[in-house]
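Q: Whatever this is, show me its structure:
(chains A and B)
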Number of protein chains: 2
Amino acid sequence: MNFELITEDHGARRGQLNFARGVVNTPAFMPVGTAGTVKALEVSNVLETGSEILLGNTFHLMLKPGDTIVKKLGGLHRFMQWEKPILTDSGGFQVWSLGKLAKINEEGVHFKSPYDGSKHFLSPETSMEIQNNLGSDIVMIFDECTPYPATFEEAQRSMELSLRWAKRSKQSHGSDAALFGIVQGGMHEDLRKHSLSELMAIGFDGYAIGGLSVGEPKEDMVRILQDLQTHLPPDSPHYLMGVGKPEDIVSAVAFGIDMFDCVLPTRNARNGQLITSFGELNIRNAEHAQSSQPVDESCACKVCQGYSRAYLHHLDKSKEMLYSILSSYHNTFYYQSLMQSMRDSIEQGEFAKFVKDFYNKRQQSLPIYLKHLEK
Amino acid sequence: MNFELITEDHGARRGQLNFARGVVNTPAFMPVGTAGTVKALEVSNVLETGSEILLGNTFHLMLKPGDTIVKKLGGLHRFMQWEKPILTDSGGFQVWSLGKLAKINEEGVHFKSPYDGSKHFLSPETSMEIQNNLGSDIVMIFDECTPYPATFEEAQRSMELSLRWAKRSKQSHGSDAALFGIVQGGMHEDLRKHSLSELMAIGFDGYAIGGLSVGEPKEDMVRILQDLQTHLPPDSPHYLMGVGKPEDIVSAVAFGIDMFDCVLPTRNARNGQLITSFGELNIRNAEHAQSSQPVDESCACKVCQGYSRAYLHHLDKSKEMLYSILSSYHNTFYYQSLMQSMRDSIEQGEFAKFVKDFYNKRQQSLPIYLKHLEK
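A: Numbering: from 1, shown residues only, chains lettered A, B, ... in the order given. As a prediction, this is how the structure comes out:
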């Protein structure tokens, strides 16, 4: 992988990740293909939305169907028929979410499969091996996600464990895939900066920010991103993990983030929430039952070009799978259009205007931490 | 609608239904779009399988979202974005299946919605109105499906009620859509022939055979079809309702049937059964967990061209919607390929060879009622 920074505008970055499997234009949104599929979407649909890279889940795939089976079948790309790049997470976040089913020590994490109770072990070394078996294009280091809230000491202890694991991840990373470090340190700027500088000393192909969007107030996330912005190496991609809502992505782009992933567009779609240029729309509301309007008149996706809100309302009410298919398609398309608009606006030196328009269409005022874009 | 019989071979018919909305080549299989969608399939997918006509369910659509809402939104074609012809059933079969929730008298059927307990009434007149509201291209008369088993007297009483309803259906049919009669009469050839000749006296655009595939032995269905074959008007389409398995469709084509519908390909797909040229394959079997083979090597569909059995096995096990999407696609594609092969073989005067090959590939012997094709 090679990263090229094309241009900047008001701190927002327009770049390009070049892989043997294709180009990923940044800022980029990665749909999540948890178990070897973006939920409810065929690969051809995912491509139509403009997606150029997917995220695959180490935790889920190592348990079902098993990474050695995926390897035997030619790797994750071939297994799921996705030919463009794939980033795999390390499994760290998911085992951390298991709570009592997981036991952490210096070596790694022993845990029981939530599917069948079978025993498994994840460590920097096994995570690298599994991500290699999957055939990932971007491998993430194995880290511990610091809980929220955490005291300074707790966050420090956790961040230092993650740094030791980062070194072991780097040492055992055997493939020619890119390897990204993950900045931890809770809500403490000093710890975050220490984590980043130590990771840079080890040397990675990209730098992710983990342990955000874990329940903290938005101001904390913004504070950490603002503080890290000038310290992140400009010639490497910056990846904010697990974020998020459209407005959070827009803000993070303003703070120099290049890559995002989130289950929100597909998960919220299945739960009735359609994401549009004017905000969120709950298709389950009775007002949509007889509406011949499309979900979003300004959206170019096939769902908005063809179907009425009434049809989607009906499909959801009838528990038809086509509802999830169409709504997941629209939401993912919306996210990719948003990224495309941001990329275009940065290229044209109009990112500040883009952000103001984004909030105007949603009839929301510009948040205080983006006020500098008004000048 | 206009029907054109192109050629015949060993009793099998190759024809064409011409509509303003397009041509339907017969023998034709109609996927079932119960609630305004073929389950798990986008319209573009349904088109890719080679489907030229869909079946819509009056019963389901009158209750959800309601036929007046569908009408207000421009009709069923526009609602679901399907531009080719649609046949709607009359709702008769579904209300008959409600059991105690339905009360039949001479006028029609009073029933309670299984969704919300609301009260509804279906009669020849209301069924015609609803099918007209939906914008159907082929309207089915409202009839009573004779239960199985039924004595001669029970079957006769039911068949005669259906004939009186057939007259009322014809009288109240207000649109220029085609109107099909439905032959009833249980398992009694005499009643069946009487039903058919009375329907022909009323005069319909096509003749359906109802009340089969309701639990009777296959021999009974074959006996009725064989007996009706020479009596059905050759210049009208013959439609066997609700059938069925590939082998039943092949047999029925040999008895001069032109049209079929069934939920089997999509329902069985969702339950793990994939239908192939060599018979049925249960993707849930452990033997498929690591198989790099496609579902059916001889199938040209995108699922068989791209994905392994192991991937489908994994998606099903992970309860991923993509499993239902891909399996429904394959099964529907298989059905349409089967119909295409039959149409080709009839045109080429090789229907008998086709039937023998069909059974050979499945490693089954030719059933006794198709032995005449061996000569």
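
Q: Would you agree residue A:281 falls within a helix?
A: No. Using DSSP: H, G, I helix; E, B strand; the rest coil, the secondary structure at residue A:281 is strand, not a helix.

Q: quick one, what contacts it?
A: A:273, A:274, A:275, A:288, A:295, A:296, A:309 (CB atoms under 8 Å, 6 or more residues apart in numbering or on different chains). (Each C-beta comes from the backbone N, C-alpha and C, glycine too.)

Q: What is the burial count for the fourth one?
A: Neighbourhood size, residue A:288 [other CB atoms under 10 Å in any protein chain shown]: 21.

Q: separation between it and residue A:219?
A: 34 Å (CB to CB, to the nearest Å).

Q: Quick check: buried residues in stretch A:60-78?
A: A:60-67, A:69-71, A:73, A:75-78 (16 or more other CB atoms under 10 Å in any protein chain shown).

Q: Quickly list the domain ranges of chain A.
A: Using automatic domain parsing, the domain parsing of chain A gives A:2-262, A:269-362+A:370-374.

Q: Give me every residue in chain A lying close to chain B.
A: A:35-37, A:39-42, A:60, A:64-65, A:69, A:72-74, A:79-81, A:289-290, A:292, A:306-308, A:310-311, A:313-315, A:317-318, A:320-322, A:324-326 (CB under 8 Å from any CB of the partner chain).

Q: Could you pull up the residues touching residue A:140?
A: A:87, A:88, A:89, A:90, A:92, A:131, A:179, A:180, A:182, A:208.

Q: Who wins on neighbours among those?
A: Result: residue A:131 is most packed of the contacts of residue A:140 (other CB under 10 Å), 33 neighbours.

Q: Is residue A:17 in a helix, a strand, or coil?
A: Once three-state DSSP is applied, residue A:17 turns out strand.

Q: pretty sure residue A:330 belongs to a helix, no?
A: Yes. Under three-state DSSP, residue A:330 sits within a helix.

Q: how many neighbours does the residue lying closest to it once chain neighbours are set aside have?
A: Leaving aside its chain neighbours, residue A:330 sits nearest to residue A:303 (4.3 Å; criterion: CB to CB, 6 or more residues apart in numbering or on different chains). Residues within reach of residue A:303, counting by other CB under 10 Å, total 24.

Q: what are the phi and psi values for residue A:303?
A: phi -70, psi -50 (degrees, to the nearest 10).

Q: what residues are up against it?
A: A:294, A:295, A:312, A:326, A:327, A:329, A:330, A:333.

Q: Mind checking which of these land in helices?
A: Per DSSP state H, helices hold the following members of the contacts of residue A:303: A:312, A:326, A:327, A:329, A:330, A:333.

Q: just those now: which is nearest residue A:143?
A: residue A:333 (32.0 Å; CB to CB).

Q: Okay, that closest one and residue A:288: tell me how far apart.
A: 19 Å.

Q: which of the contacts of residue A:303 has the most neighbours?
A: So for those (other CB under 10 Å), the most neighbours sit at residue A:326, 29 neighbours.

Q: Not counting residues beside it along the chain, what's closest to that residue?
A: Nearest to residue A:326 is residue A:303, by CB to CB, 6+ apart, at 4.8 Å.
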